[in-house]
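Trainee: sequence first, predicted coordinates after that:
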Amino acid sequence: MKATEDLAYTERAVSVACIVLSGGRLLIAHRNPVGQMGGRWEFPGGKREPGEDDVTAVVREFREEFGVDVKVGRKIAETVFVHNGKDIALHAYRVFVPHDGTDIPYSLSEHTEYRWAFPAELGKLPFVDSDMKLYPAVRQYMEAVGDES
């Protein structure tokens with residue numbers, strides 16, 4: 001393998017997915033109706049910026065997309081997906097929000113709405129393909145933590 005190929009591999013783009021749980025449900029968000037994935041449901045999150053680690057990206061993305069500061073737990077899943085011909089690593093982290101967005105609504109910037117959904121509902125919604133690759137590991141994690149979710 002050439003040095004440039006090694007470099008390209010080590011600099012693979014990384015996105016983060018925020019897995020927020022409450023009462024056996026997941027926080028999901030409906031994307032604005034623009035772009036390749038417009039109008040689909042997803043876990044909150046997004047691309048890691050240059051110089052960021054995963055935790056910093058999770059905190060920044062949640063603040064930008066929902067207007068709240070969060071605490072980041074452990075990585076619970078990861079996968080790779082292809083976007084525009086490039087491999088993207090997707091890392092899912094357990095995220096803790098200060099409130100559930102019900103009494104005090106989240107301030108959305110990238111989504112038209114959000115909701116709390118049971119895991120079985122995800123397969124019935126038009127969900128972003130990359131996030132669905134995380135679904136089996138997220139569901140397994142939820143079963144393992146049980147009432148702690």
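Mentor: Nice, I can see it. Residues are numbered from 1 along each chain as shown.
Trainee: where along the protein do the helices fall?
Mentor: For the chain, the helices defined by DSSP state H occupy 3-10, 54-66, 119-122, 129-132, 135-145.
Trainee: so which of those helices gets nearest Ala92?
Mentor: For the helices of the chain, the distance to Ala92 is smallest for helix 135-145, at 6.4 Å, taking Cβ to Cβ. Glycine gets a C-beta too; all of them are placed from N, C-alpha and C.
Trainee: now the longest strand seen in the chain: mean pLDDT?
Mentor: Using DSSP state E, we find that the single longest strand of the chain is strand 71-83. Strand 71-83 carries an average pLDDT of 92.
Trainee: stretch 44-52 too?
Mentor: Rounded mean pLDDT across stretch 44-52 is 95.
Trainee: now do the longest strand of the chain: everything it contacts.
Mentor: 17, 19, 54-55, 58-59, 87-96, 129-130, 133-134, 137-138, 141 (Cβ atoms under 8 Å, 6 or more residues apart in numbering).
Trainee: list buried residues within the residues you listed.
Mentor: Among those, those buried by neighbour count (16 or more other Cβ atoms under 10 Å) are 17, 19, 54, 58-59, 88, 90-95, 130, 133-134, 138, 141.
Trainee: so where is the chain shaky, pLDDT-wise?
Mentor: 1-11, 36-37, 147-149 (pLDDT under 70).
Trainee: bridged to the residue sitting nearest the centre point of the chain, which residues?
Mentor: Nearest to the geometric centre of the chain sits Ala17, at 1.9 Å (Cα atoms, centre = their mean). Taking DSSP bridges, one finds Gly45, Ala92 as the beta-bridge partners of Ala17.
Trainee: tell me how far stretch 68-77 lies from the chain's centre.
Mentor: The chain centroid and the centroid of stretch 68-77 are separated by 10 Å under Cα atoms, centre = their mean, to the nearest Å.
Trainee: then stretch 15-34?
Mentor: 6 Å.
Trainee: ok, stretch 108-121 next?
Mentor: Distance, centroid of stretch 108-121 to centroid of chain: 11 Å (Cα atoms, centre = their mean).
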